[in-house]
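[1] Okay, sequence plus prediction incoming.
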Amino acid sequence: MLGPLPRRHRTLLVLVAVAAGVAAGLLASAASAVPVVLPTGLAAGIAVGMLAAVVLLHDPHHHR
């Protein structure tokens, strides 16, 4: 958790986390010789990036 951030910084953090996840997924799937793996790597990268963004921005002590 990175603490309370302004909206612009949270948005930037989500975009960077998703982009890093997509890049990692594409890189991992490009190493495979099976062409069907590319969309799977892309989907996995998006999922991992979104999960990383949630973990980074989640405040366990914030109650509404």
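    The structure has been received and is ready for your questions. Residues are numbered from 1 along each chain as shown.

[2] can you pull the contacts of Val22?
    For Val22, the contacting residues are 42, 45-46, 49, by C-beta atoms under 8 Å, 6 or more residues apart in numbering. In this view, the C-beta of every residue, glycine as well, is placed from N, C-alpha and C.

[3] Can you select the buried ones among those for me in ChimeraX?
    The buried subset of those, as determined by 16 or more other C-beta atoms under 10 Å, is captured in ChimeraX by this line:
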select :45,49
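
[4] As a markdown table, the contacts of Val22 with pLDDT and distance to Leu27 would be great.
    Written out in a markdown table, the entries for the contacts of Val22 read as follows (pLDDT from 0 to 100; distance: C-beta to C-beta, whole Å):
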| residue | pLDDT | distance to Leu27 |
| --- | --- | --- |
| Leu42 | 83 | 11 |
| Gly45 | 85 | 9 |
| Ile46 | 87 | 14 |
| Gly49 | 86 | 13 |
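
[5] and the contacts of Val22 as a markdown table, adding secondary structure and distance to His61?
    Compiled in a markdown table, the contacts of Val22 are given as follows (DSSP: H, G, I helix; E, B strand; the rest coil; distance: C-beta to C-beta, whole Å):
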| residue | secondary structure | distance to His61 |
| --- | --- | --- |
| Leu42 | helix | 35 |
| Gly45 | helix | 30 |
| Ile46 | helix | 28 |
| Gly49 | helix | 25 |
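
[6] count of neighbours near Leu38?
    Leu38 sits with 14 neighbouring residues when counted by other C-beta atoms under 10 Å.

[7] cool, and Gly41?
    Neighbourhood size, Gly41 [other C-beta under 10 Å]: 19.

[8] could you redo the contacts of Val22 as a markdown table and give each row distance to Ala23?
    Conversion of the contacts of Val22 to a markdown table gives the following (distance: C-beta to C-beta, whole Å):
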| residue | distance to Ala23 |
| --- | --- |
| Leu42 | 10 |
| Gly45 | 7 |
| Ile46 | 11 |
| Gly49 | 9 |
